[in-house]
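J.: Provided below are the primary sequence and the corresponding predicted coordinates.
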Amino acid sequence: MDARCAAIATALAPLGHPRVALAVTDVVVEPDRTRIALTLGYRRDQPVCCSEPGCYVAFLGARRRDVPALVARALGRGPRASMAVEVTVSLVHEPGFTYVDVRTGQALGPGVDARIEYDASHFA
């Protein structure tokens, strides 16, 4: 992992989810935006409720508006800097993974690997 990926992974990790592994796989810094590719890894023994990561991964959901400033700081742009951010998320499920209602334990369906694109407006 290069230094940019490591810095962004460190910045986003506190807003992740303890049951979902986060790996930043690529960072491309352009004059008008930063593009981030990351993988969320789902393990059979660590169920979550659904296939919408914004539901339980705070930096894609409830805390998504924090991401531009977190990324800017992680890239050394200063404490008040912000930038347009686009994120491509690859959902990778361990074989046998099943989404589960975490309150009742009821199986909700198998995990299906997918790719989700979040454009800059998602984080604005």
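T.: Noted; the coordinates are in hand.
J.: what about residue 59, which SS state?
T.: For residue 59, the secondary structure call by DSSP: H, G, I helix; E, B strand; the rest coil comes out as helix.
J.: what's near enough to touch it?
T.: 12, 15-16, 66-67, 70 (Cβ atoms under 8 Å, 6 or more residues apart in numbering). In short, each C-beta sits where N, CA and C put it, glycine included.
J.: what's the closest of those to residue 98?
T.: Set against residue 98, the nearest of the contacts of residue 59 by Cβ to Cβ is residue 16 (20.9 Å).
J.: against which helices or strands is the longest helix seen in the chain packed?
T.: Longest helix of the chain, by residue count under DSSP state H: helix 3-12. In terms of contacts (3 or more Cβ pairs under 8 Å, 6 or more residues apart in numbering; DSSP states H and E), helix 3-12 is packed against strand 20-29, strand 34-42, helix 67-74.
J.: and for the shortest one, what's in contact with it?
T.: Spelled out, that is helix 67-74. 7-8, 10-12, 15, 34, 36, 59, 78-85, 87, 123-124.
J.: count of neighbours near residue 45?
T.: For residue 45, the count of nearby residues is 8 (other Cβ atoms under 10 Å).
J.: quick check: pLDDT value at the closest residue to residue 12 other than its chain neighbours.
T.: Among residues not flanking residue 12 along the chain, residue 59 sits closest, at 5.0 Å (Cβ to Cβ, 6 or more residues apart in numbering). Looking at residue 59, its pLDDT stands at 92.
J.: residue most distant from the centroid, this protein?
T.: residue 104 (25.8 Å; Cα atoms, centre = their mean).
J.: where does that one sit, in terms of helix or strand?
T.: Using DSSP states H and E, residue 104 sits in no helix or strand.
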